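J.: need coordinates for the below:
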Amino acid sequence: MKTLLIATDLSENARHVATYGYRLAQQLRARVLLCHVMNIPAEIPQNGMVAWPVDIYDDMLHDSDKELAKLKNRMMAEGDVIGYQPEIICIHDGGFVTDVVNAEAQANQADIILIGTHGNDALTTLMIGNHSRKMIEATSRPLLLVPAGVTAKPIKRIAFGSDFKQPAKEIDVINKLVGFAKALGAELILAHIDQGHDNPEYTAIVKKLLMELIAKNNHQKVSYEVVKSNHVENGLDWLVRHAHVDVIAFAHREHGFLNQMFNGSHTQKASDKMPVPLLVIKEN
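T.: Here you go, the predicted model:
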């Protein structure tokens, strides 16, 4: 992990996300791209490049420069002052959020993109939409969604949540997660969310397959755990509260585990908070 891109709209919650991202960059010893997108007004048709009046655009750039400089200073002040001091590169441009963020991530070879959710419940907000949902569908890079109020602290435990119905398709995602966990010095928990459809023989086969995969990656801080729960969000809530994980990770594909969560009615009814960031990695 060499580069983190933090997308910010300069709101208070986005400033909190920036601090979280800076602390993560310190842990990874990576540089930071602080990206502010000057969003195109909704009334302008989305038909490609849009020409803004030069004076308005220049004023927006000037204001963005000042706010990004303030945010950069705040990130450095709220980080670990005796730890690694990441390089912070400020980027701003006008356009649609997904387009600008993806273009900058590609141009700067960002390893991961961080964005904030717009509420205290990261899981429920993820289902509702806003830029989080759009970025999940648009990005080809790992995406870390950071809820408001989450504590900026070192990541020590990551849980990969899945029903493991198609484990062979998740191998590449797990490989990426092992690399992420290894760079952090963190433990990776492969959490099998069993909704009552799997038998012990199947669980044993999945465990053997995944443990063989992990052994090849030379990272010893890996465990496998079966979480029995009739509802996905209850299983994830159990992981956060009892396994004390700092990040929940998912693989994203059409008709996959995360897609079921998007469309499942029980998700919208979830009342418990998900007080940790969600890491979404698209399958190839």
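J.: so who does Gly185 touch?
T.: Lys221 (Cβ atoms under 8 Å, 6 or more residues apart in numbering). (C-beta placed from N, C-alpha, C; glycine too.)
J.: what's the pLDDT at it?
T.: Gly185 carries a pLDDT value of 91.
J.: do the same with Leu177
T.: We have a pLDDT of 90 for Leu177.
J.: do the same with Gln260
T.: For Gln260, the predicted pLDDT is 50.
J.: before we move on, what about Arg31?
T.: The model reports Arg31 with a pLDDT of 95.
J.: adjust the sequence numbering to begin at 190 for everything that follows.
T.: Let's use 190 as the start, then, which means that last one is Arg220.
J.: beta partners for it?
T.: Listed by DSSP bridges, the beta-bridge partners for Arg220 are Thr192.
J.: number of residues surrounding it?
T.: 16 (other Cβ atoms under 10 Å).
J.: which residues touch it?
T.: Under the criterion of Cβ under 8 Å, 6+ apart, the neighbours of Arg220 are 191-193, 214, 275-278.
J.: number of nearby residues for Ile382?
T.: Counted with other Cβ under 10 Å, residues neighbouring Ile382 total 23.
J.: could you pull up the residues touching it?
T.: Contacts of Ile382 by Cβ under 8 Å, 6+ apart are 350-352, 416, 418, 421, 424-425, 446.
J.: if we can go back for a sec, pick out the most distant pair among the contacts of Arg220.
T.: By the measure Cβ to Cβ, Lys191 and Ile277 form the most distant pair in those, at 14.1 Å.
J.: of the contacts of Arg220 - the most surrounded one?
T.: Within these, most neighbours by other Cβ under 10 Å means Ala214, with 27 neighbours.
J.: confirm that residue sits in a helix?
T.: Yes. According to DSSP: H, G, I helix; E, B strand; the rest coil, the state of Ala214 is that of a helix.
J.: look at it and report its pLDDT.
T.: Value for Ala214, per-residue pLDDT: 95.
J.: please apply the same query to Asp254.
T.: So, for Asp254, pLDDT stands at 84.
J.: between the contacts of Arg220, which is nearest Pro466?
T.: Looking across these and measuring by Cβ to Cβ, the closest to Pro466 is Leu193, at 12.6 Å.
J.: and that closest one, how far from Lys255?
T.: To Lys255, Leu193 is 23 Å away according to Cβ to Cβ, to the nearest Å.
J.: repeat for Leu303
T.: Counting by Cβ to Cβ, the separation of Leu303 from Lys255 is 22 Å.
J.: between those two, which has more neighbouring residues?
T.: Legend: neighbour count by other Cβ under 10 Å for Leu303 and Lys255, higher for Leu303 (28 against 10).
J.: how far does whichever strand or helix holds that one sit from its chain's centre?
T.: Of the helices and strands defined by DSSP states H and E, Leu303 is found in strand 301-305. The chain centroid and the centroid of strand 301-305 are separated by 5 Å under Cα atoms, centre = their mean, to the nearest Å.
J.: equivalent analysis for stretch 424-436, please.
T.: Distance, stretch centre to chain centre, for stretch 424-436: 16 Å (Cα atoms, centre = their mean).
J.: which stretches of this protein form strands?
T.: 192-197, 220-228, 277-284, 301-305, 332-335, 346-351, 376-383, 411-417, 436-441, 467-471 (DSSP state E).
J.: so which of these comes closest to Asn262?
T.: With Cβ to Cβ as the measure, strand 277-284 is the member of the strands of the chain nearest Asn262 (9.5 Å).
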